[in-house]
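A.B. asks: need a structure here:
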Amino acid sequence: MMNLLRSRFFLLSLFCLYLLEAYSQELTGVILQNKFRSDLVTYKQFEVKHRRYVDTKNVKLSYLQWGDTSATERVFVWLHGSLSNAYEFMPFAQDMTNQGYRVLSIDQYNAGKTEAPFFDASFDDLCSDIKSLFDHLEIKRVVIGGFSRGGFLATNFYKLYPDYVDALILEDGGSVDFDHSYLHLDSLGLKEKLQQVNVPEDIKEKYFGYHRSKFEAYKSLYNPEETSNQFQILSYIKPQGSSWVTYRGQPEYYHMQDSLHMSEVLFSSPKVSKYAASIINLRPAEIFQNLSVPVLIMDARSSKDPIPIYEANRALVAQHPNLINHQVFENIEHNIHYANPNGFIKAIISFLQSQPR
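C.D. replies: Reported below is the predicted structural model:
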């Protein structure tokens, strides 16, 4: 009899635990739904306040802006990295407006609210569109910076339109040839490095798959450890047919969705689009031979650094010691503004304050 009671008590306990877990999941779902609805409202309000567009030769270029919208001097421009958009600089915009800057953060081709052109475009085409934006706003000179791919784009802009640039800010990209850290490896090392591009299936499904609803897409990007609202997530979500996607299609546009496609980019395969090839064709060492503006290089450095360019950056600084400020961020693999946001914005402000006005 006692054994029977114990068995029933054990089963009852299991049932109660099941109900508690089910209730907890339901409660979590309700809380997240409420956050989603709240973020929708915040996102729409933010977009109305900060989102702007300009029709250029190639696209309807989209950007976010902060600060004095009539200012044509002391303008700071940010170009985001891969798998990102103009919201990348949102956490730092207020810091820059406090320094007296008008801030523009631009959605690149096929990112954020800027569509991809209907032809095989290149970095040069995008830079031409960015120049058109400046001309439309009657802006003659800017501080222009970017992260990773955005850094290369900033350097490309300087190559084409040096008279528009007061200073360059390069966060782990744009100061050294993109293929530098690949082509210095032996065949085995290159193969291993290329394998790092391949995305595990669970990650691929979560970030590059299809979602049944806008809420499900939001949920896939939501970080439960963050206590603040996460309305910027909504800027990554787009309808595609009857489904919703987040980062789907981005790696393909860069031709970097796996090790095979990455190798085609590195070795200039004719299969690669002009836009995807632009990051390889850009040669910062050649561009900076006649450097005439101050440059801040923010260099992420760690034992797992996917883009180890520290030594190459030091060599560049040695050529232009009076123009280049090389800030090294130790134990960070690549994304400085995310891993060390305070250090990131402090480095930018300190660099700009040191420049003569």
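A.B. asks: Spit out the contact partners of the nearest residue to Gly209 once chain neighbours are set aside.
C.D. replies: Counting by CB to CB, 6 or more residues apart in numbering, Arg248 is the residue found nearest to Gly209 once chain neighbours are left out, at 6.9 Å. Yep, even glycine has a C-beta here, placed from its N, CA and C like the rest. Taking CB atoms under 8 Å, 6 or more residues apart in numbering, we find Arg248 in contact with Tyr207, Phe208, Gly209, Tyr210, Gln240.
A.B. asks: number of nearby residues for the third one?
C.D. replies: Read that as Gly209. 16 (other CB atoms under 10 Å).
A.B. asks: ok, now Leu83?
C.D. replies: There are 18 residues near Leu83, going by other CB under 10 Å.
A.B. asks: That one reaches Tyr247, doesn't it?
C.D. replies: Yes: the criterion here is CB atoms under 8 Å, and Leu83 meets it with Tyr247 at 5.3 Å.
A.B. asks: what ranges do the strands span in this protein?
C.D. replies: 51-55, 60-66, 75-79, 102-106, 142-147, 165-171, 238-240, 243-245, 295-301, 324-330 (DSSP state E).
A.B. asks: Of these, give the one that comes closest to Lys214.
C.D. replies: Ranking these by proximity to Lys214 (CB to CB) places strand 243-245 first, at 5.2 Å.
A.B. asks: residues in contact with the closest one?
C.D. replies: Identification of contacts with strand 243-245 by CB under 8 Å, 6+ apart yields Phe208, Gly209, Tyr210, His211, Arg212, Ser213, Lys214, Glu216, Ala217, Ile237, Lys238, Pro239.
A.B. asks: if we can go back for a sec, for the strands of the chain, could you give me a markdown table that also reports distance to Asn198, mean neighbour count and mean pLDDT?
C.D. replies: A markdown table is the format used below for the strands of the chain (distance: least, CB to CB, whole Å; neighbours: other CB atoms under 10 Å; pLDDT from 0 to 100):
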| stretch | distance to Asn198 | mean neighbour count | mean pLDDT |
| --- | --- | --- | --- |
| strand 51-55 | 35 | 14 | 98 |
| strand 60-66 | 31 | 21 | 98 |
| strand 75-79 | 27 | 28 | 98 |
| strand 102-106 | 30 | 25 | 98 |
| strand 142-147 | 23 | 27 | 98 |
| strand 165-171 | 25 | 24 | 98 |
| strand 238-240 | 23 | 12 | 94 |
| strand 243-245 | 20 | 18 | 96 |
| strand 295-301 | 22 | 24 | 96 |
| strand 324-330 | 27 | 17 | 96 |
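A.B. asks: For Leu188, which of the ones you listed is the nearest?
C.D. replies: The nearest among these, by CB to CB, is strand 295-301 at 23.6 Å.
A.B. asks: the inter-axis angle of the closest one versus strand 165-171?
C.D. replies: Orientation note: strand 295-301 sits at an angle of 0 degrees relative to strand 165-171 (axes from the mean of the first three to the mean of the last three CA atoms, to 10 degrees).
A.B. asks: Could you check how far Arg52 is from Ser242?
C.D. replies: Separation of Arg52 from Ser242 (CB to CB, to the nearest Å) stands at 31 Å.
A.B. asks: Compute the first-to-last residue distance for stretch 299-306.
C.D. replies: 12 Å (CA to CA, to the nearest Å).
A.B. asks: Ok, stretch 247-262 next?
C.D. replies: 18 Å.
A.B. asks: Now do Leu12, the pLDDT please.
C.D. replies: What the model reports as pLDDT for Leu12 is 49.
A.B. asks: Okay, the residue nearest to Gly209 and Ala347: tell me how far apart.
C.D. replies: 34 Å.
A.B. asks: again with Asn223
C.D. replies: Asn223 is 25 Å from Ala347, by CB to CB.
A.B. asks: Those two: who's more crowded?
C.D. replies: Shown here are Asn223 and Ala347; by other CB under 10 Å, Ala347 has more neighbours (20 against 9).
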